[in-house]
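Chemist: Give me coordinates for this.
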Amino acid sequence: MQEEVVTKVLLVGVDTGEEQDFEYSMEELASLAEAADRQVAGVIVQRLETINKALYIGAGKVAEVREYASRCGAEEIVFDNALSPSQVRNLDRELELPILDRTSLILEIFAIRAKTKEAKLQVETARLQYMLPRLVGLRENLSRQGGTGGSMSNKGAGETKLELDRRKLEHRISELKKELAQISRTRETMRRRRGQSRIPQVALVGYTNAGKSTIMNRLVEQYGEAREKTVLEKDMLFATLDTSVRSIHTGDNKPFFLVDTVGFIHKLPHGLVEAFHSTLEEVQYADLIVQVVDFSDGHHRQQEDVTIRTLRDLEAADIPRIVVYNKADKCEMQDIPKRRGDCLYMAAKNGCGMEELLELIKEKVYAELLDKCFLIPYDKGSVSSYFMENAVVIEQEYRESGQYIRVKCHPQDAEKYKIYESGD
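Modeler: Numbers count the residues shown, from 1 in each chain. Below you'll find the model as predicted:
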């Protein structure tokens, strides 16, 4: 069996002192490189007061990077921040190796992970939008006269190759956006249908690899309507990109829709947020957000901050939220599961804390239920059946004048059937 060839990369970062935890950012860049099937061959860090506008790194550092890349066998050079088109052009010329930045690396991971048609369209849109201004930055390399043959020949012999490439990209982006708009309309129809059912929607959000998919799978396996509908769970960054919606039936007429969303990350490219907007929109419509945190990660506080900032960007920061500190077993924390207010310490992989999480979710999304008593005539059996299926029945009794039930029900149902309300 032939051994798989892995591309070696050299990581380069600039520490200006502005970033709160620069070392963590570089560690995460290494994890991203591995997630993109690269092998980190070396790391170079430079401290500068300000970024070099032409080369990102200092002019004197370029030779050191080139020499070290040759010595460690690096085939690509990956920079920790987003590079401008001119910086990519200049570095490419100086280093004579393929140049990637953090954004292009994340885009590549998304391209590898995308499985559904929607995810593939979203990733392609983000990648083309990222490439478009970089065509302008590469004008010197791409600006050459177009030929006289081919389907584009009627545009004139003087039109540059760059202009043709840009036009093709813009046309493709327009096509992709139309396709995504159609998928978004379908998603909106499904969302509206779920909303009409008055079943609450609960969104799992958090940093990539915090355990969102594991939590969804444990809940689906125990309480799902279709228990075989689990999602991919794997110990890697961005294991899943597709938003999955599953119906959770708890057995006490307190069902809810559970939504698993794409994971967040430090410096998540704006183009990806924009391209995945229709998918991430599911968070905006949630009745409750379950923020999942990898409690075993030494940087979990920074990751929590990233999640909060991303929720703010999505205009979802005001939605009721509970925090799940997952993987607490790896911290040798005693007496888990443990609840502290709206926070729960648990270990989803082992199934530890799943019942407590379910109760916490139900407590929050069904907090508005009203405690009501009804006396329903026997010829109104459909009303009794409705409450049995859509409310939490606390007590029931068959009386001479009808069926007496005490329930916790939705305020709209209490209003609709108030003519049967009993003073008991």
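
Chemist: so which strand or helix has residue 88?
Modeler: Under the assignment given by DSSP states H and E, the secondary-structure element containing residue 88 is helix 85-95.

Chemist: Buried residues of stretch 336-349, list them for me.
Modeler: By neighbour count with 16 or more other Cβ atoms under 10 Å, stretch 336-349 contains the buried residues 336-337, 339, 344-349. To be clear about C-beta, it is placed using only N, CA and C from the backbone, and glycine gets the same treatment.

Chemist: Pull the most distant pair out of these.
Modeler: The two members of the buried residues of stretch 336-349 with the most space between them (Cβ to Cβ) are 339 and 349, at 18.9 Å.

Chemist: so where do the strands sit in the stretch 251-400 of the chain?
Modeler: Using DSSP state E, counting those that start in this stretch, the strands of the stretch 251-400 of the chain run over residues 256-260, 288-294, 321-326, 338-340, 343-345, 370-376, 392-399.

Chemist: any idea which helix is longest in the chain?
Modeler: Secondary structure of the chain per DSSP state H: the longest helix is helix 161-196.

Chemist: which regions of the chain lie under the pLDDT threshold?
Modeler: When residues are selected by pLDDT under 70, those of the chain lie in 1-5, 136-159, 194-197, 225-242, 275-279.

Chemist: Quick check: can you list the domain ranges of it?
Modeler: In the assignment given by automatic domain parsing, the structural domains of the chain cover 7-110, 115-185, 199-365, 370-420.

Chemist: Tell me which of those domains sits nearest to residue 191.
Modeler: Across those, the minimum distance to residue 191, taken as Cβ to Cβ, is reached by domain 199-365, at 6.0 Å.

Chemist: wait, residue 259 sits on residue 243?
Modeler: Yes: the pair residue 259 and residue 243 qualifies as a contact (Cβ atoms under 8 Å) at a distance of 6.3 Å.

Chemist: what residues are shared contacts of the two?
Modeler: Common contacts of residue 259 and residue 243, defined by Cβ atoms under 8 Å, 6 or more residues apart in numbering, comprise residue 282.

Chemist: more crowded one of the two?
Modeler: Relative neighbour count places residue 259 above the other of residue 259 and residue 243, with 25 against 22, counting by other Cβ atoms under 10 Å.

Chemist: for that one, what are its contacts?
Modeler: Contacts for residue 259 were tallied using Cβ under 8 Å, 6+ apart; they are 201-204, 243-245, 282-283, 286.

Chemist: Tell me what angle the helix or strand residue 203 falls within forms with helix 161-196.
Modeler: Here residue 203, judged by DSSP H and E, is contained in strand 201-206. Between the direction of strand 201-206 and that of helix 161-196, the angle (axes from the mean of the first three to the mean of the last three Cα atoms, to 10 degrees) works out to 140 degrees.

Chemist: List the contacts of strand 201-206.
Modeler: The contact list for strand 201-206, computed with Cβ under 8 Å, 6+ apart, reads 194-195, 212, 215-216, 248, 256-261, 263-264, 282-283, 285-293, 303, 307, 310-311, 361, 365.

Chemist: Residue 210 versus residue 114, what's the distance?
Modeler: To residue 210, residue 114 is 20 Å away according to Cβ to Cβ, to the nearest Å.

Chemist: Can you point out the helix or strand that includes residue 39?
Modeler: Taking DSSP H and E as the criterion, residue 39 maps to strand 38-47.

Chemist: could you say what helices and strands that strand packs with?
Modeler: In this structure, strand 38-47 packs against strand 7-15, helix 22-35, helix 61-72, with contacts taken as 3 or more Cβ pairs under 8 Å, 6 or more residues apart in numbering; DSSP states H and E.

Chemist: Go again with 10 Å.
Modeler: Secondary structure elements in contact with strand 38-47, counted by 3 or more Cβ pairs under 10 Å, 6 or more residues apart in numbering; DSSP states H and E, are strand 7-15, helix 22-35, helix 61-72, strand 76-79.

Chemist: Strand partners (parallel or antiparallel) of the last one?
Modeler: Right, the one you point to is strand 76-79. In the sheet containing strand 76-79, its partner strands are strand 7-15 (parallel), strand 99-101 (parallel), by DSSP bridges.

Chemist: Please compute how far that strand lies from its chain's middle.
Modeler: Taking Cα atoms, centre = their mean, to the nearest Å, one finds the center of strand 76-79 at 25 Å from the center of the full chain.

Chemist: Kindly report the same for the second one.
Modeler: Using Cα atoms, centre = their mean, the mean C-alpha position of helix 22-35 is found 18 Å from that of the whole chain.

Chemist: Buried residues in it, which are they?
Modeler: 22, 24-26, 28-29, 32-35.

Chemist: just stretch 63-74 next, same as before
Modeler: For stretch 63-74, burial by neighbour count (16+ other Cβ under 10 Å) applies to 65-66, 68-69, 74.

Chemist: how near is residue 376 to residue 385?
Modeler: 10 Å.
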